[in-house]
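Enquirer: what follows is a protein structure lacking sequence information:
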């Protein structure tokens, strides 16, 4: 019955094909239907297998269709190629006919050219007259040449659709690799009045077609600059274009010179609105009629006055007229220093030159290039996700100095600090959390303070002697320490970190902060102020744990000498006491590997002296009171229990050896408390009054004589 149901579900493959290929096919609805119809996972797997087989059959059928039609595709492509060649031949024939008609229209019946000016009488044209080139004829000739040349270029029909475009220069070039100056391939270049066209050579010629359109660059988006002849390349010029510049090599120096002159002419055409600049002429060679002729409505004096008025317009230097183009080249080649110097010279020239229309236009153009330069320099400092941070400090310093020269010192300062922020945080975040917490924080602190120090040095180099901007550096440092402290809160100051870890980390960070004082930036106060709350919390937790440990040890006190078990154990116990600062312990060494101190006294001495070292590592002017209070409260808690033992109070009062108790009390007062006072004075260069008072108030225990009144100073409760 089960297999019959499977067959009923999967037998109609044709129906399944129609369902999957229907226009209103909904995958979700189909899966829902399958889930309702099939019972169990095996039926669903069988249905999946049927769909997979159908998919494989469809793929195989598609491959067969492609193989069958492949030959038809090839034949169709050949036919299209033949039709394309026919179209090129027809286009060439039409062009030849158009040229023939144009020639017929320009040919006179008498064999001379039709005069384009007024009719002149015989003998009135001066013998020394030289014909000047006509601007309109130049444009027409360039247009005709462009039409002829584009017949040889595949895809050139789009070029000649622009009616105002005409050719200035063209020739064969070799494109070079801009990295290693190696030849890439041959190209043919066409320089028009409004664009530069690059075409590649075709391997298979198609009738008159020799080239294939590769790229076209508008004249306003490119710059053609000369490349000096080096050992690896000669007769080359560089095309500065976005996104990557290109390098082309000419066949000889004359060809290179022709390309550069044609580019200058094209830029002049851009400035004059696309009209070729008319050449000057001499009045003696003009074909203008004499003043006594009837065809001249003006007198000679009027013509001379008009010429004099035109000559009165002041001319600006050639370098100033070409200032916008020169600035474009410098910016494109990242020659920012030359661009800034050129802008300064231009400003001086503008102040000295009289006001004129050309001066005003050049000022506007120079202002636009200045804003472009400022934008580019800001981009050098601005940090984006896709920009590398490995540019180095020289790159940032260069941009800051140039922005300051352009009057944007405040913006340069903010961008420099933002750049240093990104670099600092990138460096800190790349520190891997490997090893212990102390080692990780040491690597973290080293990276952080190294970046802060480098930022301070770079700021001083960029703004030397400018004290008014130091406040911005101070605020930046405070913000970065705040960010760094937030990371420390997560790594160090949590409930799992003991005081040993915290004290080691804070001590290392404070030493790193002290090194920055040499650079003129004292950040110790900033660090202490930011970490004070967290440090106080750690100190109080350590104090409370130490006091609680005192209570637990006294609850187990049996007043027996500390048994080390063996000679090696005794030596180890002595070495442990030596490690915490107890140098001379020979007076307390007994027989049979015993110390003439209780286990409680030995354990407390080691723990208290270690706690003293850790608290002194966390000692700051802000935590001074809390450190003093913690040192006194822990020792006072132990001495109170010792006082009861000396007095003979408690459950074991009759079982104690009074001399042994006094010996333990003397060790605590003369050795442990004295070491704590000495370390405190050595660390803080001052004394702790409460420790000294504690020492004086419990001195009587060394003699084993009870004092007249019990010590109940509330300061130690």
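Expert: That came in fine, so what should we check first? A quick note: this is a predicted structure, and the numbers were derived from the prediction, not measured.
Enquirer: so how far is residue 555 from the nearest residue to residue 664 once chain neighbours are set aside?
Expert: Nearest non-adjacent residue to residue 664, counting by Cβ to Cβ, 6 or more residues apart in numbering: residue 601, 4.8 Å away. Just so you know, the C-beta spots here come from the backbone N, C-alpha and C atoms, and that holds for glycine as well. Distance, residue 601 to residue 555, by Cβ to Cβ, to the nearest Å: 15 Å.
Enquirer: more neighbours: which of these two?
Expert: Remark: of residue 601 and residue 555, residue 601 carries more neighbours, 23 against 9, as counted by other Cβ atoms under 10 Å.
Enquirer: who's in contact with residue 583?
Expert: Neighbour list for residue 583: empty [criterion: Cβ atoms under 8 Å, 6 or more residues apart in numbering].
Enquirer: surely the residue nearest to residue 664 meets residue 667?
Expert: Yes. Under the criterion of Cβ atoms under 8 Å, residue 601 makes contact with residue 667 at 6.4 Å.
Enquirer: next helix or strand past the helix or strand containing residue 36?
Expert: Residue 36 is part of helix 27-37 when elements are defined by DSSP states H and E. Per DSSP H and E, the first helix or strand lying C-terminal to helix 27-37 is helix 40-106.
Enquirer: counting by contacts, list what that next one packs against.
Expert: Identification of packing neighbours for helix 40-106 by 3 or more Cβ pairs under 8 Å, 6 or more residues apart in numbering; DSSP states H and E yields helix 2-10, helix 13-20, helix 27-37, helix 135-150, strand 195-206.
Enquirer: roughly how far out does the third one sit from the chain middle?
Expert: What that stands for is helix 27-37. Averaging C-alpha positions (Cα atoms, centre = their mean, to the nearest Å) puts helix 27-37 52 Å from its chain's average.
Enquirer: what's that helix in contact with?
Expert: 9, 19, 20, 44, 47.
Enquirer: so what's the residue count around the last one?
Expert: What it means is residue 47. For residue 47, using other Cβ under 10 Å, the count is 18.
Enquirer: ok so, going back, show the average pLDDT along the helix holding residue 36.
Expert: Helix 27-37 shows a mean pLDDT of 81.
Enquirer: ok, stretch 63-80 next?
Expert: On average, stretch 63-80 scores 80.
Enquirer: okay, buried residues for it please.
Expert: By neighbour count with 16 or more other Cβ atoms under 10 Å, stretch 63-80 contains no buried residues.
Enquirer: what helix or strand is the residue nearest to residue 664 on?
Expert: Short version, using DSSP H and E: residue 601 is in helix 599-617.
Enquirer: and residue 256, how far from residue 365?
Expert: In terms of Cβ to Cβ, residue 256 sits 28 Å off from residue 365.
Enquirer: likewise residue 556?
Expert: Taken as Cβ to Cβ, the span from residue 556 to residue 365 is 92 Å.
Enquirer: neighbour count winner among those two?
Expert: residue 365 (16 against 8).
Enquirer: and the pLDDT at the nearest residue to that one once chain neighbours are set aside?
Expert: Spatial nearest neighbour of residue 365, excluding adjacent residues (Cβ to Cβ, 6+ apart): residue 324 at 4.2 Å. pLDDT, residue 324: 85.
Enquirer: count the neighbours of residue 258 for me.
Expert: 16.
Enquirer: surely it is in contact with residue 168?
Expert: No. The criterion here is Cβ under 8 Å, and residue 258 misses it with residue 168 at 9.9 Å.
Enquirer: residues contacting residue 667?
Expert: Applying Cβ under 8 Å, 6+ apart, the residues contacting residue 667 are 588, 597, 601, 605.
Enquirer: tell me if I am right that the second one is in a helix.
Expert: No. Applying DSSP: H, G, I helix; E, B strand; the rest coil, one finds residue 597 to be strand, outside a helix.
Enquirer: that one against residue 588, yeah?
Expert: Yes. Between residue 597 and residue 588 there is a contact at 5.5 Å, judged by Cβ under 8 Å.
Enquirer: tell me which of the two has more neighbours.
Expert: residue 597 (24 against 21).
Enquirer: return the residues in contact with the more buried one.
Expert: Counted by Cβ under 8 Å, 6+ apart, residue 597 has contacts 561, 562, 588, 663, 664, 667.
Enquirer: now do residue 210
Expert: Residue 210 neighbours (Cβ under 8 Å, 6+ apart): 152, 153, 188, 201, 202.
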